[in-house]
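Student: how does the following fold in three dimensions:
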Amino acid sequence: MKHLKIFIFSAFALISTVVLRTFQLIFLTDAKTGFFKDGMEGIGTVIMAIIIAVIAVSSLLVFVFKKESLNPTPSSSFFLGCAALFAGIASLYEPFVNKVYLNAVPQLLIVLRLILIILTGLTFCWFGISILFGAKFKPALSIIPIIAYVIRLMSSFICFTGMSNISENLYDVLMLISTLFFLLLFGKAVCGLTESTSHRKLFGFAVAAILFSAASSIPCLIVYFSGNSAFVHIPVDSPITGLFMAIFISAYLVDICKKRT
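Tutor: You can find the predicted model right below:
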């Protein structure tokens, strides 16, 4: 396995990020306002800085170790195909499950966002089917999720101007930005538009997207299933979709880093 040390460090970073973020969310954040509790601003900010620093170090480690030649084209992997398929299904279900009200967003942008989320789901379903059953992989379709995440980011920025939950907004935005950069580099790589053989930028943003998606989605789901439904923050983008996207990116990294015959 190539870059094994980075995978091990990123696994520890993932566990640390989720634990610290969940602690911050449950014990340091006021559920009614979304701000840190009185007297907890300092430790809350320190934990936030630690989480971001750990994720940054994890994503930059690929530039520290020696270059490894990577093949960005997905192989016929059962796990990767299932991960892409479930990411597509999660995206298809998102408009019907995530009951968020985009009051500040223009209606045209809402419609465009809905269409692109559904098209993204169909794209990842096709990726999953092509990987599982050996159908022709169409890398040019990767432009659809790239545009979709640009629209997601635009609508999220517009919605966040009417929210008070600053810390939550930061994690959501960093998740969208890192995933957008990963999708852009992924699309360029599978379309053969890059001359790099190590694809270190792709690897780095993939790690960042996984960890920021985990920080944004997993603690939110833990709080929800623990019964603390009074928490004020309603994610604009479904944490379920973010979680399955992180699983897909993880499966893709493992696939391109494993030694192929």
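Student: all helices for the stretch 1-150 of the chain, in order.
Tutor: For the stretch 1-150 of the chain, the helices defined by DSSP state H, counting those that start in this stretch cover 4-23, 41-60, 78-97, 107-133, 143-160.
Student: the first one packs against which elements?
Tutor: Using 3 or more CB pairs under 8 Å, 6 or more residues apart in numbering; DSSP states H and E as the contact criterion, the elements in contact with helix 4-23 are helix 41-60, helix 200-225, helix 239-257. The C-beta positions use only the backbone N, C-alpha and C, and glycine is treated the same way.
Student: one more time with 10 Å, if that's ok
Tutor: Where contact means 3 or more CB pairs under 10 Å, 6 or more residues apart in numbering; DSSP states H and E, helix 4-23 is packed against helix 41-60, helix 166-190, helix 200-225, helix 239-257.
Student: can you add mean neighbour count and give the ones you listed back as CSV?
Tutor: Shown next, in CSV, are those (neighbours: other CB atoms under 10 Å):
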stretch, mean neighbour count
helix 41-60, 16
helix 166-190, 22
helix 200-225, 23
helix 239-257, 23
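Student: now do the SS call for P235.
Tutor: coil (DSSP: H, G, I helix; E, B strand; the rest coil).
Student: tally of neighbours for it?
Tutor: Residue neighbour count, defined by other CB atoms under 10 Å, stands at 22 for P235.
Student: confirm for me that it is in contact with V97.
Tutor: No. The criterion here is CB atoms under 10 Å, and P235 misses it with V97 at 11.5 Å.
Student: any shared contact partners between the two?
Tutor: T241 (CB atoms under 10 Å, 6 or more residues apart in numbering).
Student: picking up where we left off before, as CSV, the helices of the stretch 1-150 of the chain with distance to V190 and mean pLDDT would be great.
Tutor: Shown next, in CSV, are the helices of the stretch 1-150 of the chain (distance: least, CB to CB, whole Å; pLDDT from 0 to 100):
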stretch, distance to V190, mean pLDDT
helix 4-23, 21, 94
helix 41-60, 20, 94
helix 78-97, 12, 94
helix 107-133, 10, 94
helix 143-160, 11, 91
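Student: mind checking these for the one nearest to C220?
Tutor: Closest approach to C220 among those (CB to CB): helix 4-23, 9.0 Å.
Student: and the closest one, what's buried?
Tutor: Within helix 4-23, the residues that count as buried by 16 or more other CB atoms under 10 Å are 6, 9-10, 13-14, 16-18, 20-22.
Student: closest to I249 among those?
Tutor: When these are compared for distance to I249 (CB to CB), S10 wins out at 11.3 Å.
Student: what's the closest non-adjacent residue to the residue positioned nearest the centre of the chain?
Tutor: Residue closest to the average C-alpha location in the chain (CA atoms, centre = their mean): S213, at 3.8 Å. With sequence-adjacent residues excluded and distances taken as CB to CB, 6 or more residues apart in numbering, S213 is closest to A246, at 3.8 Å.
Student: wait, the one you found touches T179, no?
Tutor: Yes. Counting by CB under 10 Å, A246 does reach T179; the two are 8.4 Å apart.
Student: joint contacts of those two?
Tutor: When contacts are counted by CB under 10 Å, 6+ apart, A246 and T179 are jointly contacted by 206, 209-210, 212-213, 216.
Student: can I get those residues in a markdown table with distance to M40?
Tutor: Converted to a markdown table, the shared contacts of A246 and T179 look like this (distance: CB to CB, whole Å):
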| residue | distance to M40 |
| --- | --- |
| A206 | 33 |
| A209 | 29 |
| I210 | 28 |
| F212 | 23 |
| S213 | 25 |
| S216 | 21 |
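Student: would TSV of the residues you listed with pLDDT and distance to R200 be doable?
Tutor: TSV is the format used below for the shared contacts of A246 and T179 (pLDDT from 0 to 100; distance: CB to CB, whole Å):
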residue	pLDDT	distance to R200
A206	97	10
A209	97	15
I210	98	16
F212	96	18
S213	96	20
S216	91	24
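Student: check contacts around the nearest residue to V207 once chain neighbours are set aside.
Tutor: Spatial nearest neighbour of V207, excluding adjacent residues (CB to CB, 6+ apart): S59 at 4.5 Å. By CB under 10 Å, 6+ apart, the contact set of S59 is 6, 10, 13, 178, 201, 203-212.
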